[in-house]
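Enquirer: Pasted the sequence and its predicted model underneath.
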Amino acid sequence: MLGVLLLAAGYFGVAGGRQLAANRAFHPIRVPAATAPAAEVVGPLSAATAPVGTPSKPAAGPSPTPAGVAAALAGPLTAAGLGPSVAAQVFDAQAGTALFSRRADQQVAPASTSKLLTAAAVLTQYRDTDRFSTRVMAGPTPGSVVLVGGGDPTLSAAPAGQSTEYAEAARVSDLARAVRTSAGGSPISQVIVDDSLFTGPATAPGWAPEDAPSSYACPITATMVDAGRDVPAAALRSAAPDLAAGQALAKALGAGQVSRGSAPSGARTLATVRSAPVGVLVEQMLRDSDNVIAEVLARQVAIAAHQPGSFSAAAAAISSTLGPAGVTVGSGMRDGSGLSVLDRIPAAALGQVLLATTGTGHPQWRPILSGLSVAGWDGSLVEQGRFTGTAAGADGAVRAKTGSLTGVSGMAGVLTDADGRQLIFVFVADQTPGEAPARNAIDELAATLVRCGCR
């Protein structure tokens, strides 16, 4: 239930900086902990996929009290690694009631936790089974074809028979095979790339020059392969993802020329492939914290809202899409991934998304839950020594999305406390003195709730 009183005070900013390696993952990481994720952590997923109106699993124990949660968090919230500016929220997921709130209505730099907002918005505008199409059209001259980008971030250049880096990805090799069939054996000498679905600058305000290209970001184009790489397994992303996609198709067709352009009016479609389902793309975006997938999906939100496919329109569309669902984003987003150091949102927006996702009012948001990493098990919650030391007891009991920039460390998700009660939590510190101490302090906050019945 979203009609809860959120108590907040104060304002805090952010030290400028770049995205940390914790959110630069590409290959899905699965390093099993000593035990698999607890049944209580998986439980919300099972309940979430039931038909709307199906009763939730009965609570395993009594709800924590606000006083108990405040007492438990009082010490960990003063950890030096968090710095002077911390926003926090805790909810009882099953009752939908607020247990703790600190500065939650104030603007914070969310880093990659803002991907939760992008996920909720794209799952509002599209069904989780929807797919985005990439087409090849007849070109303006004999022997030319036009590759028309449809905003599929994981179209893969992997050769036929070779596995793709992203699950269920469409393939350039399938496009090429269909083009050759449609061409009836006529040689293809030129590939023209039509990237007109997206507009405006290819990088966002608040991105540094070294962000694009890098291992974690690239210029955002409607046509790309392997989430913006020149070749499927490349460590660095491409400086020109649209041309990289054109080169992949040209190689598959034996064409020698690649250029930018547009499809002629009324051109014949020679081939079409469809992306992985939206629900799968959302899970990949969240678990791997993939900035490129996030930015492409953010533009798809804008396009579905009949707005331009640009950074500014995408940010505005995320806010306007989530408003009717009771999520107050405001106007402070500058991109869809959280990479921009200029991004500002109320921390409460993250709690509102998670509270709605675990309830029955927004069943279309369920891929958000399955996309969250599990502590000690997969994704960003097994990187860089996460949930070690005194926080190791939370392995398997926390499912969350992390966010890291220089000076910013955050985590938002769902956990199971000592009584088997499911809690939603949001912790964002955006004036931290160092990466590792901040990360450890955020982990300890979540672990404190796992250990505590808090009554």
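Expert: Done, it's in. Numbering: from 1, shown residues only.

Enquirer: measure stretch 258-274 end to end?
Expert: One end of stretch 258-274 to the other measures 22 Å (Cα to Cα, to the nearest Å).

Enquirer: what residues does that stretch touch?
Expert: Residues outside stretch 258-274 that contact it (Cβ atoms under 8 Å, 6 or more residues apart in numbering): 131-140, 145-146, 148, 152, 155, 170-171, 174-179, 182-183, 190-196, 242-243, 246-247, 250. C-beta here means a position set from N, CA and C on the backbone, and glycine is covered the same way.

Enquirer: May I see the buried residues of the longest helix along the chain?
Expert: The longest helix of the chain (DSSP state H) is helix 435-451. Within helix 435-451, the residues that qualify as buried are 435, 437-451, counting by 16 or more other Cβ atoms under 10 Å.

Enquirer: Let me see the mean pLDDT of it.
Expert: Over the span of helix 435-451, the pLDDT mean works out to 96.

Enquirer: by contact count, what packs against that helix?
Expert: Contacts defined by 3 or more Cβ pairs under 8 Å, 6 or more residues apart in numbering; DSSP states H and E place helix 435-451 against helix 66-74, strand 398-405, strand 408-416, strand 422-429.

Enquirer: Could you give the average pLDDT over the second one?
Expert: Within the predicted structure, the mean pLDDT of strand 398-405 is 96.

Enquirer: Return the distance of that strand from the chain's centre.
Expert: Using Cα atoms, centre = their mean, to the nearest Å, the mean C-alpha position of strand 398-405 is found 11 Å from that of the whole chain.

Enquirer: do the last one as well
Expert: Going by Cα atoms, centre = their mean, the spacing between the C-alpha centre of strand 422-429 and its chain's C-alpha centre is 17 Å.

Enquirer: begin at 28 from here
Expert: Okay, using 28 as the starting number, the last item reads as strand 449-456.

Enquirer: Report the angle between it and helix 462-478.
Expert: On the basis of axes from the mean of the first three to the mean of the last three Cα atoms, to 10 degrees, strand 449-456 is oriented at 160 degrees to helix 462-478.

Enquirer: Parallel or antiparallel, list what pairs with strand 449-456.
Expert: With DSSP bridges as the test, strand 449-456 is paired with strand 113-119 (antiparallel), strand 435-443 (antiparallel).

Enquirer: for the next helix or strand after the shortest one, which positions count as buried?
Expert: Beyond strand 113-119 on the C-terminal side, the first helix or strand identified by DSSP states H and E is strand 124-129. Neighbour-count burial for strand 124-129 flags 125, 126, 127, 128, 129 (criterion: 16+ other Cβ under 10 Å).

Enquirer: Tabulate these (a markdown table), appending distance to residue 482.
Expert: Conversion of these to a markdown table gives the following (distance: Cβ to Cβ, whole Å):
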| residue | distance to residue 482 |
| --- | --- |
| 125 | 16 |
| 126 | 11 |
| 127 | 14 |
| 128 | 18 |
| 129 | 20 |
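
Enquirer: between those, which is closest to residue 329?
Expert: Residue 329 lies nearest to residue 128 out of those, by Cβ to Cβ, at 31.2 Å.

Enquirer: Hmm, residue 113 and that closest one touching each other?
Expert: No: the pair residue 128 / residue 113 is not scored as a contact, 11.9 Å apart, by Cβ atoms under 8 Å.

Enquirer: tell me the domain ranges of the chain?
Expert: Domain assignment for the chain by automatic domain parsing gives 48-154+307-478, 160-303.

Enquirer: most tightly surrounded among these?
Expert: domain 48-154+307-478 (a mean of 22; mean count of other Cβ atoms under 10 Å).

Enquirer: Which residue ranges of the stretch 178-327 of the chain form strands?
Expert: For the stretch 178-327 of the chain, strands defined by DSSP state E, counting those that start in this stretch occupy the ranges 217-221, 284-287, 296-301.

Enquirer: And the helices and strands packed on helix 462-478: which comes nearest residue 233?
Expert: Smallest distance to residue 233 across those (Cβ to Cβ): 10.0 Å, for strand 425-432.

Enquirer: which stretches of the chain aren't confidently modelled?
Expert: For the chain, applying pLDDT under 70 flags the ranges 28-87.

Enquirer: What segments of it are helices?
Expert: 66-75, 93-101, 142-152, 199-210, 268-280, 305-315, 318-331, 338-349, 374-385, 394-398, 462-478.

Enquirer: Save those helices as TSV, and put in distance to residue 289 too.
Expert: Formatted as TSV, the helices of the chain follow (distance: least, Cβ to Cβ, whole Å):
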stretch	distance to residue 289
helix 66-75	43
helix 93-101	56
helix 142-152	26
helix 199-210	18
helix 268-280	12
helix 305-315	26
helix 318-331	17
helix 338-349	20
helix 374-385	37
helix 394-398	34
helix 462-478	45
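
Enquirer: so who does residue 283 touch?
Expert: Contacts of residue 283 by Cβ under 8 Å, 6+ apart are 216, 217, 277.

Enquirer: ok, the second one - contacts?
Expert: Looking back up the chat, that one is residue 217. Applying Cβ under 8 Å, 6+ apart to residue 217 gives the contacts 166, 168, 170, 171, 172, 282, 283, 284, 285, 286.

Enquirer: Try it again at 7 Å.
Expert: Listed by Cβ atoms under 7 Å, 6 or more residues apart in numbering, the contact set of residue 217 reads 166, 170, 171, 282, 284.

Enquirer: which residues does the last one contact?
Expert: Read that as residue 284. For residue 284, the contact set (Cβ under 7 Å, 6+ apart) comprises 216, 217.

Enquirer: Residue 471 contacts residue 418, correct?
Expert: Yes: look at residue 471 against residue 418 with Cβ atoms under 7 Å: they come within range, at 5.1 Å.

Enquirer: Distance to residue 357 for the contacts of residue 283 - can I get that in JSON lines?
Expert: Below are the contacts of residue 283 laid out as JSON lines (distance: Cβ to Cβ, whole Å):
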{"residue": "216", "distance to residue 357": "51"}
{"residue": "217", "distance to residue 357": "47"}
{"residue": "277", "distance to residue 357": "44"}
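
Enquirer: of the residues you listed, closest to residue 139?
Expert: residue 277 (34.3 Å).
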